[in-house]
Structure formats: C-alpha cells, structure tokens
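Student: Sequence below, structure please.
(one chain, ligands or ions: 2)
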Amino acid sequence: MITNRHYAAVEAGGTKFRVAVARGRDIVADTTIPTTTPDETLGATVDFIREWGTVDAVGIASFGPLDLDRSSPTYGSITSTPKPDWSDTPVLATIRRQLGVPASIDVDVGGAALGEWRWGAAHGLDHFIYITVGTGFGAAVFIDGKVHHGMGHPEMGHITLERVPGDDYPGRCPFHGACLEGMAAGPAIKDRWGAPGAELTDRAEVWEMEAAYLARAIRSFTYVAAPERILLGGGVMQTEGLLELVRSKTVQQLAGYVTSDVLRGSLEDYIVAPAFGQDAGLVGAIALAMSAAG
Ligand code: ADP
Ligand code: ZN
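Tutor: Ligands and ions are numbered 1, 2, ... in the order given. Prediction:
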C-alpha cells in the first residue's frame with residue numbers, strides 16, 4: 001500500500017534546508033540544516049535521511065535557478081546563482097546517487113504548487129498559479145494538470161509593471177530595477193518605507209501600494225494563463241487584510257473585462273491563501289517524492 005511507503009523530503013532554501021521523512025504524507029522525522037557549502041549541506045541532508053533508515057524515494061523542492069531540461073546532462077543542478085559556492089551544484093544527482101533511490105526535483109514554488117494541488121487549496125484544479133511574496137517574488141504556473149517548466153522555468157517575478165501613480169521608488173532588482181520583485185517583494189517594502197512589513201501594519205498607504213502592484217501582476221497573469229485560481233502566500237501576505245485588499249484592487253484592474261465566471265464578484269474563490277503556508281515547500285517535496293516513486 002502506498003501509505004506504508006516512506007519518502008524523504010528536502011526543501012532546499014538559500015538560508016536553510018528543511019529535511020523530513022514522511023510515512024505517506026505524515027512527517028515522522030525532520031530537521032533543519034543551515035545552507036553553507038554544497039558539500040556540507042548536501043552531506044548533512046543525506047546523513048540525516050540515512051540515519052533515519054531506508055526510504056522509497058526522495059523529493060527535492062529547491063531554490064533556483066535550476067536546470068529542469070530533462071534532456072540536459074546537468075538536469076537537476078542549480079545553474080548560476082549569486083549565492084556563493086552554489087553555482088553548478090548537481091543537487092539532484094548528488095542526493096540520488098548517495099541515497100540510491102528514485103528522486104525528483106523542482107523549484108521551490110513548483111514543489112509547493114504540486115503539494116497544494118494534491119492536498120491543498122488547489123486540489124483537483126487543472127490550471128492555477130501559486131505565488132509566494134517573501135524575500136523574492138516566486139510563482140509557479142500549473143497548466144493542464146502539471147507544473148509548467150518550458151525552457152527552464154518561468155520567472156514571473158521579473159515582469160514589468162505599470163507604476164502606481166505617485167510612487168517614485170526606483171526598484172531594487174539588480175537586473176531590472178523596477179520589476180515586480182524589485183517593487184513589491186519584502187525587501188522592496190523595507191527599502192521603500194524604512195522598516196520591514198511586519199512593523200508597518202498600521203500604515204494603510206504601504207498596503208494600498210503593495211496591493212496595487214500585486215493586483216497589476218495578477219491581472220497580467222490572469223490574462224496570460226487563464227488560471228482557475230490564484231494561490232497567494234508568503235511572508236508578506238501574512239499582513240492582516242492584505243489578501244482582501246488585493247482582491248478588491250484586482251477587481252478594479254480587471255475593469256469588468258471578465259473571461260470566466262470565477263472573475264466575477266469579489267474574487268473570494270479566485271484569489272485564496274495556500275493551505276500549507278510556510279510548510280508548502282516541504283509538503284511539496286513529499287509530493288515530488290511520491291511522483292518519483294511512481
Ligand atoms: P522567504 O521568502 O525567505 O522564504 P518568507 O516567505 O517568510 O521567507 O518571507 C520573508 C519576507 O516577508 C521578509 O521580507 C519579511 O519582511 C516579510 N514578512 C515576514 N512576516 C511578515 C509579516 N507578518 N507581515 C509583513 N511582512 C512580513
Ligand atoms: Zn527583476
């Protein structure tokens with residue numbers, strides 16, 4: 001029976017790795033490992049899993065960018081990252097070889113989307129978008145029942161946005177300046193307003209602007225991909241009332257040009273919080289392990 005299987009799940013983040021062993025989808029052991037060098041961190045990841053025992057498969061939801069071209073000799077490697085030591089790290093190959101079990105990898109948001117689709121807020125949908133607004137702006141598009149990769153994977157945080165009138169913040173993306181991530185991820189909020197989001201909860205203008213940018217992005221994503229739902233999470237979205245504000249600003253952005261019934265009304269079923277919150281990556285890694293096991 002599938003529920004008697006054991007899966008190793010790795011959420012590989014830029015500051016820490018969360019590693020778990022799950023029986024079915026229930027976590028039975030877990031640990032957190034700081035992200036230092038690839039040798040140390042991948043070594044400690046494999047050691048933790050081996051010390052626990054034998055698993056049937058391993059799933060990895062990793063920070064990127066990743067090579068996800070299945071025909072590439074470096075499939076499953078981190079490609080070029082500003083993170084010291086981690087460029088060209090064969091994350092998938094290393095873990096698979098050392099554990100000797102089937103393994104599957106996706107970017108963190110791709111894994112999270114898969115977990116939300118199997119068990120969470122996108123259960124049963126063929127088309128949806130998973131978004132996390134945190135240290136960066138990450139998103140995955142689920143199309144026709146699977147996470148869309150394309151040539152690599154989408155980088156939806158780097159789209160251009162129409163500027164909110166009166167905002168003269170230059171943006172902080174090292175590549176594009178005022179792209180979506182450069183204007184609306186957590187560090188941009190801190191930079192623009194002089195304090196992290198969690199300390200700005202009573203400043204209405206902060207969240208008006210944040211919601212205005214997120215609504216612009218959601219309008220573009222909606223018209224490009226025609227998702228049935230948008231899951232909107234991450235640290236920034238913990239701000240009370242922000243989800244509702246994004247919904248109402250998205251209604252304005254759509255301006256009555258709706259192409260589907262889910263885009264009518266107040267969008268309560270269209271823009272929703274993910275089910276797994278800060279555990280989305282780890283849950284997603286379990287889902288990836290299950291798909292590797294077949
Ligand atoms: P990461 O993106 O690094 O995985 P998070 O999703 O937790 O991590 O996002 C971290 C970002 O979210 C930081 O920029 C932080 O300032 C912001 N953040 C965290 N908690 C809150 C909160 N309660 N309200 C607003 N912003 C928050
Ligand atoms: Zn950018």
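
Student: Please, which helix or strand holds the residue nearest to Met156 when sequence neighbours are not counted?
Tutor: Spatial nearest neighbour of Met156, excluding adjacent residues (CB to CB, 6 or more residues apart in numbering): Ala139 at 4.0 Å. Where C-beta positions appear, they are placed from N, C-alpha and C, glycine not excepted. Here Ala139, judged by DSSP states H and E, is contained in strand 137-143.

Student: and that strand, which strands flank it?
Tutor: strand 128-133 (antiparallel), strand 146-147 (antiparallel) (DSSP bridges).

Student: which ones are touching Pro34?
Tutor: Pro34 is in contact with Thr15, Lys16, Phe17, Thr41, counting by CB atoms under 8 Å, 6 or more residues apart in numbering.

Student: Surely the first one is in contact with Thr32?
Tutor: Spelled out, it's Thr15. No. Thr15 sits out of contact with Thr32 when judged by CB atoms under 8 Å, with a separation of 10.0 Å.

Student: more crowded one of the two?
Tutor: Neighbour count, other CB atoms under 10 Å: between Thr15 and Thr32, Thr32 has more, with 13 against 10.

Student: just to revisit the earlier point, what's opposite the residue nearest to Met156 in the beta bridge?
Tutor: Beta-bridge partners of Ala139, as defined by DSSP bridges: Ile131.

Student: list the contacts for it?
Tutor: Contacts of Ala139 by CB under 8 Å, 6+ apart are Val109, Ile129, Tyr130, Ile131, Thr132, Pro154, Met156, Gly157, Phe221.

Student: So Tyr7 belongs to a helix, correct?
Tutor: No. Assignment of Tyr7 by DSSP: H, G, I helix; E, B strand; the rest coil gives strand, placing it outside any helix.

Student: Surely it is in contact with Thr54?
Tutor: No. Taking contacts as CB under 8 Å, Tyr7 lies outside contact range of Thr54: 11.3 Å.

Student: how about the helices of the protein, start to end?
Tutor: 38-52, 91-99, 108-119, 180-184, 186-193, 204-225, 242-254, 280-293 (DSSP state H).

Student: That concludes my questions; thank you for your assistance.
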